[in-house]
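Participant: here you go, sequence then predicted model.
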Amino acid sequence: MALSTCSSAGNILERQNGHLQILNRSDDCAEAWTHLEKKQDMCLATHSFVQPKQSIMTQDHTPLLFAVGGAHMDRRGQSSVPFVPGASNPGIMREEPGGGVFNALRLAVQRGVRAEMLSVRGGDRVGDVISAAFEKAGIKDSSVVFMDRATPSYTAILDDRGDVVAAIADMALYEIVLPKQLRRRKVRDAIAAADAIFGDANLPAEALQRLAGLAGYKPLFALAISPAKAVRLKSILGDLACLFLNRREALALTDLPAHAGLGELCQALRAAGLRNAVLSNGGEAALVYSDAGAFSLLPPPVSEIADVTGAGDALAGGTIAALMRGMPLHEAVREGMAASMLTLATHSASPLFTTKTFNTALAHIPAAVPLL
């Protein structure tokens, strides 16, 4: 495996077979053609992927999903009593490797997809933990390590019901260096070898635009991450094969009032150029739309929610894996919702489960209903 490291001067060193090599930092050439090719083929590619006629998974080929985004430490403090703002609340702290795309990717691997990911992290103890998580999940780690930086983190405070009260995302490293990493030939080669591309709004707008250009005709999926970051996706909505977002993120993208219905949200997102989307809304009906039409899907009740962290990521990972096995979007989202339900019931943002457990959860997910 090749692993890259960086110094504060910005030089990229890649270790191959025990030797360090200096990589070209700018390496921008040969990118423009992918943008032109993308515009010619995007409509056909998007339609065929969310409305596939056959699976791209065969006996001799397991589809490869290449992802770019956050892989960092998730820290969550949950109150054991009803939360009181401005006061000390008894509770428990937990931490584990996380990140929107990373959580979703680990779920997709459990559902039969191969995966490779580009992220950035620091040369600290936390970075070592993240590295070990890649290996444990069976995901090829193409991340870059900055030895003199701290690994990004996400810290959330949850109430006694598992809902987020407040959160802080310390992720400046993504903003500073991820756009430059997308200029590397190694990344272009990885994208060329993949069957589909996946990114999240932890990337700044510049990096998302570059990723959309590099994706060419390949399906590009995205995760909105948060209302504050979802707006970074506005310039590439028309390039996406599918966007996974929640109601608050959809409102941030459309500027609709908080009481907007599913039909209004669908219409506004389509008008913004987004052809396919999965919009979750907690325990309320989700919106799923594509060329096949618009659907609502009501998630079954969860008897006890342990932690909401990672539920939306699991929804994305399970749905994408099903799409790559050949399901149409309104059917694939049932698998994503089953994964989300299993995640809600645990204190992990990326739980492991058996095929039997997953199939049991899937049996409780209703079929999507056409939205009138």
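Facilitator: Arrived safely, thanks for sending.
Participant: any idea how far L203 lies from A222?
Facilitator: 9 Å (Cβ to Cβ, to the nearest Å). (Glycine included, C-beta is placed from N, CA and C.)
Participant: those two - which one has more neighbours?
Facilitator: A222 (32 against 27; other Cβ atoms under 10 Å).
Participant: that one: what secondary structure?
Facilitator: Assigned by DSSP: H, G, I helix; E, B strand; the rest coil, the conformation of A222 is strand.
Participant: from what I see, it and A201 are in contact.
Facilitator: Yes. Contact criterion Cβ atoms under 8 Å: A222 and A201 qualify, at 7.1 Å.
Participant: now the common contact residues for these two.
Facilitator: Residues touching both A222 and A201 (Cβ atoms under 8 Å, 6 or more residues apart in numbering) are L208, L233.
Participant: show residues contacting stretch 76-96.
Facilitator: In contact with stretch 76-96 (Cβ under 8 Å, 6+ apart) are residues 73-75, 155-160, 162, 165, 307, 309, 347-350.
Participant: redo that, cut-off 6 Å
Facilitator: Applying Cβ atoms under 6 Å, 6 or more residues apart in numbering, the contact partners of stretch 76-96 are M73, D74, R75, A156, I157, L158, D159, D160, V165, T309.
Participant: in that stretch, which residues are buried?
Facilitator: Using 16 or more other Cβ atoms under 10 Å as the burial criterion, the residues of stretch 76-96 that qualify are R76, Q78, S79, F83, N89, G91, R94, E96.
Participant: what is the nearest of the residues you listed to L237?
Facilitator: Distance to L237 across the buried residues of stretch 76-96 (Cβ to Cβ) is lowest for R76, with 30.7 Å.
Participant: kindly state the beta-bridge partners for the closest one.
Facilitator: R94, A156 (DSSP bridges).
Participant: so what's it scoring on pLDDT?
Facilitator: We have a pLDDT of 90 for R76.
Participant: next one: G162
Facilitator: 82.
Participant: three-state assignment of it?
Facilitator: coil.
Participant: distance of it from Q78?
Facilitator: 7 Å.
Participant: got the contact list for the closest residue to M171 other than its chain neighbours?
Facilitator: Take M171 and drop its neighbours on the chain: the residue closest to it by Cβ to Cβ, 6 or more residues apart in numbering is P152, 4.2 Å away. Counting by Cβ under 6 Å, 6+ apart, P152 makes contact with H72, D170, M171, L173.
Participant: again, only this time at 10 Å
Facilitator: 70-73, 99, 119-122, 126-127, 130, 169-175, 202 (Cβ atoms under 10 Å, 6 or more residues apart in numbering).
Participant: what are the buried residues along the helix or strand hosting G213?
Facilitator: According to DSSP states H and E, G213 maps onto helix 205-215. By 16+ other Cβ under 10 Å, the buried positions in helix 205-215 come out as A205, A207, L208, Q209, R210, L211, A212, G213, L214, A215.
Participant: state the distance from the residue nearest to the spatial centre of the chain to A71.
Facilitator: Taking Cα atoms, centre = their mean as the criterion, V101 is the residue nearest the geometric centre of the chain, at 3.0 Å. Counting by Cβ to Cβ, the separation of V101 from A71 is 7 Å.
Participant: joint contacts of those two?
Facilitator: In contact with both V101 and A71: M117, L118, S119, N202, using Cβ under 10 Å, 6+ apart.
Participant: what's the closest of those residues to E331?
Facilitator: Using Cβ to Cβ, the shared contacts of V101 and A71 come closest to E331 at M117, 26.5 Å.
Participant: and stretch 194-207, average pLDDT?
Facilitator: Rounded mean pLDDT across stretch 194-207 is 93.
Participant: put the alpha carbons of it into CSV.
Facilitator: Only the C-alpha atoms of stretch 194-207 are listed here, as CSV (Å, rounded to 0.1, in the frame of the first residue of the first chain):
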residue,chain,number,x,y,z
ALA,A,194,-13.7,3.3,-10.0
ASP,A,195,-17.2,2.5,-11.0
ALA,A,196,-18.7,5.4,-9.0
ILE,A,197,-17.5,8.4,-7.0
PHE,A,198,-18.7,9.6,-3.6
GLY,A,199,-18.0,12.9,-1.9
ASP,A,200,-19.3,14.9,1.1
ALA,A,201,-19.7,18.6,1.8
ASN,A,202,-16.8,18.5,4.3
LEU,A,203,-15.0,19.4,1.1
PRO,A,204,-15.0,23.1,0.3
ALA,A,205,-16.9,24.3,-2.8
GLU,A,206,-13.7,24.4,-4.8
ALA,A,207,-12.8,20.8,-4.1
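Participant: in that stretch, what's buried?
Facilitator: 194-205, 207.
Participant: so where do the helices sit in the stretch 51-200 of the chain?
Facilitator: 100-110, 125-137, 172-181, 185-193 (DSSP state H, counting those that start in this stretch).
Participant: check those for me: which has the lowest mean pLDDT.
Facilitator: helix 172-181 - the lowest mean pLDDT of the helices of the stretch 51-200 of the chain, at a mean of 90.
Participant: quick one: buried residues of that helix?
Facilitator: L173, Y174, V177, L178, P179, K180, Q181.
Participant: how far off centre is stretch 149-167?
Facilitator: The gap between where stretch 149-167 is centred and where its chain is centred comes out at 18 Å by Cα atoms, centre = their mean, to the nearest Å.
Participant: got a quick PyMOL command for the buried subset of the contacts of P152?
Facilitator: Only the buried entries of the contacts of P152 go into this PyMOL selection, using 16+ other Cβ under 10 Å:
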select buried, resi 70+71+72+73+99+119+120+121+122+126+127+130+169+171+173+174+202
